[in-house]
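Novice: Any chance you can model this:
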Amino acid sequence: MARPTLGDQAHGALEAELLNEKAESLGRAGRAAEQALKALAEADAADAEREALIDRAAEKVWAFLVQRELCGFVTSAGVFADLRVPPEVVARLGAARGKADPSR
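Specialist: Numbers count the residues shown, from 1 in each chain. I've put the predicted structure just below:
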């Protein structure tokens, strides 16, 4: 059995560091999605900011789904139930918001 070389050890350390960063990023994205969904759930239905809260929740849930995929999780069905993502947020997932570019 061959002893690991210094290059092998460095490669292993780098892989461990990247895996750790992916896990931390996934945690941050999940917490951001949860916070945005909580803010939306606590908002009054007649709140003037409701549309912005829906957009923000959709943005954060979308970022969480992308981060999950980058970590190797290919199915998202359980995420919607676990986070209790309302249909109005699901409908906006992946949608770009903002002013249209007049030069196009």
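Novice: Who are the contact partners of residue 54?
Specialist: The contact partners of residue 54, by Cβ atoms under 8 Å, 6 or more residues apart in numbering, come to 40, 88, 89, 92. Backbone N, C-alpha and C define where each C-beta goes, glycine included.
Novice: Next step: the residues you listed restricted to helices.
Specialist: Of these, the ones assigned to helices by DSSP state H are 40, 88, 89.
Novice: If you tally nearby residues, what's the number for the first one?
Specialist: As a burial measure, the neighbour count of residue 40 was computed by other Cβ atoms under 10 Å and equals 23.
Novice: so what pLDDT did it get?
Specialist: As predicted, residue 40 sits at a pLDDT of 95.
Novice: I'd say it and residue 53 touch.
Specialist: Yes - here residue 40 reaches residue 53: they are 4.5 Å apart, a contact under Cβ atoms under 8 Å.
Novice: what's the weakest-modelled helix or strand in this structure?
Specialist: Within the chain, no helix or strand scores below helix 6-42, which has a mean of 88 by mean pLDDT, DSSP states H and E.
Novice: who does that one touch, helix- and strand-wise?
Specialist: In this structure, helix 6-42 packs against helix 50-70, helix 77-83, with contacts taken as 3 or more Cβ pairs under 8 Å, 6 or more residues apart in numbering; DSSP states H and E.
Novice: let's go with 10 Å and repeat that
Specialist: Packing partners of helix 6-42 (3 or more Cβ pairs under 10 Å, 6 or more residues apart in numbering; DSSP states H and E): helix 50-70, helix 77-83, helix 87-90.
Novice: And that helix, what's buried?
Specialist: Within helix 6-42, the residues scored as buried using 16 or more other Cβ atoms under 10 Å are 26, 29, 30, 32, 33, 34, 36, 37, 40.
Novice: How is residue 94 classified with respect to secondary structure?
Specialist: Here residue 94 is recorded as coil under DSSP: H, G, I helix; E, B strand; the rest coil.
Novice: Count the residues that sit near the closest residue in space to it that isn't next to it in sequence.
Specialist: Spatial nearest neighbour of residue 94, chain neighbours left out: residue 62 (5.6 Å); criterion: Cβ to Cβ, 6 or more residues apart in numbering. Residue 62 is flanked by 17 other residues according to other Cβ under 10 Å.
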